[in-house]
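Asker: pasting the structure only:
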């Protein structure tokens, strides 16, 4: 009997054994996890937001130094999707059709189409012409291109580097970037509207679960491993090379299973499902920074498991336009310095950082984060100073990444008269919290009293309102994380608590303070990121107080706060960011502004169909594989921000009930923003 036939029979016998052992239904659910079908799309369109297509493509695929996925890049682009098909019918995990089911946005390979007048293959991805001549920083990116395999938006190659903790040379890695979470797409009538800086519709949990299933099937089914090995190693690979690859694959799966097992009891006891469109980003960041990174420091006196927290406060991904010019960089008004938000996010999606070589302090805080790349991303979003004056005396206004405009040829014409009536309702009922609209003819949003005094860099910031939970009444879970979660660390790590103003409660890290072993999550994250950024500059002989270093930090001091409150930002582009409230618990503006009792108690996420009448997600159907959001579950409450008649000061009530005409008018107005 030939070796190949033996392998096939062995694989079939294994499948039969598994079928008997765990049952057909469970196996089918495992090897072919249900995912919602992708919406039918006849046209992809990136909305005009002030970026060139080169700017967009770079932002989508420039590395942040992350190794988010637990396998090498060469494996990721070679593994098949977790679905058993007839022999020879495998489809790759990274193919557009499968990644769209996970909520990710397809993106063309670098230089992957013809340069004809129709734009070649890129037109199918929403690009007007060939995308290939993207500027490259040779220090952190390869001249082979940013995305040769055509990974989705927000996936980047982190080229081979030395692990700063172990010293081991790592092969090319796959890392998520901020574009993975902050790029949106909505489908209507066959058109996919793609929006830079909007909230993602993906499910990170489903990504990791399905990738795990794909790896396990590759390990246990011989024919899948053979085709995988050929894609990774080439057709002329030796038997020894294949055996080594099989051993490495098995060790990787074993290590991932062990890591998951170590925290499973906490996740099962306390965890809350995230689903599509939502992520408990802060708790995930805390787990990566202060649990995973500190595992090598485990000792008789320190257990990093004390720092692990279940995911309990999923939120929708916040949108980014105009954010760089707000007084607080983080959407919940907790983080003041863009570098703390951005570098913290990069470490949270597994940029490597040395937090354990206490006997070699010169290696401590060395990381894989290209701080300059992150600063460039921030600068691309923020654009020039909005308060600069034009020749006609008017202020320039927000540039950089702008809010998308309602595409009337796709979503329908705006009723100008109704929008004008809605502007008056907005001024009366919404403007007190969300500030004047950006298109106000008198430029009221740029009134000096609404902005901070210019700092030494000539920059002022919009003083967005911070609304206490006692007023807005929305789910408190996310607002409490930075203060309620506590972090322990070895004293040798040197984490500092900063200095807290007793009046404002703001903690700043302008000057060094004595190290401590216990502090709040907010203090710990701000201190850790400052060490990472300062080490990055020190290793490149960049003075800590130089213009370069200050620009990399966003020209702001490292300050944090943890108020029980949420930030009420201007509502430009809000039509493009469903679902609503910070935790995505309300599907449309129509539901949000109507009687609170009429908000749906549950609805499905994972279907990106848009409803231009209700202005939000079309939740009229719940396809198989979608995530059913139950608003009675911890962290998912849809209460608060209510317009209803109630005594003054009633928690959660932000205004009197709106008539149906008022509600429809203000929604029509918000389409114009």
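Answerer: Yep, it's here. Since this is a predicted model, take the numbers as computed values, not measurements.
Asker: Can you list phi and psi of residue 507 for me?
Answerer: Main-chain dihedrals, residue 507, degrees, to the nearest 10: phi -110, psi 130.
Asker: Any idea how many residues pack against it?
Answerer: Here the number of neighbours of residue 507 (other Cβ atoms under 10 Å) works out to 23. Glycine gets a C-beta too; all of them are placed from N, C-alpha and C.
Asker: quick one: pLDDT of the nearest residue to residue 433 once chain neighbours are set aside?
Answerer: Nearest residue to residue 433 in three dimensions, chain neighbours excluded: residue 568, at 4.1 Å (Cβ to Cβ, 6 or more residues apart in numbering). Residue 568 is assigned a predicted lDDT (pLDDT) of 96.
Asker: Pretty sure residue 568 sits against residue 463.
Answerer: No: contact between residue 568 and residue 463 fails when scored by Cβ atoms under 8 Å: they sit 11.2 Å apart.
Asker: what's the domain layout of the chain?
Answerer: The chain breaks down by automatic domain parsing into domains covering 1-26, 408-447+567-670.
Asker: give me phi/psi at the residue nearest the centre of the chain?
Answerer: Closest residue to the average C-alpha location of the chain: residue 181 at 2.5 Å, with Cα atoms, centre = their mean. Backbone torsions of residue 181, given as degrees, to the nearest 10, read phi -100, psi -20.
Asker: Residue 616 now?
Answerer: Main-chain torsions, residue 616, degrees, to the nearest 10: phi 170, psi -160.
Asker: so where's this structure shaky on pLDDT?
Answerer: Along the chain, segments meeting pLDDT under 70 span 1-32, 85-88, 111-122, 132-144.
Asker: Longest helix in it, by number of residues?
Answerer: For the chain, the helix with the greatest residue count under DSSP state H is helix 239-270.
Asker: other SSEs contacting that one?
Answerer: helix 204-220, helix 222-233 (3 or more Cβ pairs under 8 Å, 6 or more residues apart in numbering; DSSP states H and E).
Asker: Which strands and helices lie in contact with the shortest one?
Answerer: So the one you mean is helix 222-233. helix 3-22, helix 73-76, helix 204-220, helix 239-270.
Asker: one step back: list the contacts of the residue nearest to the centre of the chain.
Answerer: 154, 199-200, 202, 279, 281, 317 (Cβ atoms under 8 Å, 6 or more residues apart in numbering).
Asker: And those, which is closest to residue 397?
Answerer: residue 199 (23.5 Å; Cβ to Cβ).
Asker: backbone phi and psi for that closest one, please?
Answerer: Backbone geometry at residue 199, expressed as degrees, to the nearest 10, gives phi -80, psi 140.
Asker: Next: residue 417.
Answerer: phi -60, psi -40.
Asker: before we move on, the earlier item: which residues does the residue nearest to residue 433 contact?
Answerer: Neighbours of residue 568 in contact, by Cβ under 8 Å, 6+ apart: 433-435, 464-467, 472.
Asker: Restricted to strands, list the residues you listed.
Answerer: Using DSSP state E, the members of these that fall in strands are 465-467.
Asker: For the residues you listed, pick the one with the most neighbours.
Answerer: Using other Cβ under 10 Å as the neighbour test, these are led by residue 467, with 21 neighbours.
Asker: check contacts around it.
Answerer: Residue 467 sits in contact with 433, 565-568, where contact means Cβ under 8 Å, 6+ apart.
Asker: And the residues you listed, which two are furthest apart?
Answerer: With Cβ to Cβ as the measure, no two of the contacts of residue 467 lie farther apart than 433 and 565, at 11.5 Å.
Asker: Now do the strands in the stretch 451-600 of the chain.
Answerer: 465-468, 486-488, 499-500, 507-508, 518-520, 559-560, 565-568 (DSSP state E, counting those that start in this stretch).
Asker: highest average neighbour count across the ones you listed?
Answerer: Counting by mean count of other Cβ atoms under 10 Å, strand 559-560 has the highest mean neighbour count of the strands of the stretch 451-600 of the chain, with a mean of 24.
Asker: How far away from the center of its chain is that strand?
Answerer: 21 Å (Cα atoms, centre = their mean, to the nearest Å).
Asker: List the buried residues of stretch 626-642.
Answerer: Buried residues in stretch 626-642, counted by 16 or more other Cβ atoms under 10 Å: 626-627, 629, 631, 635-642.
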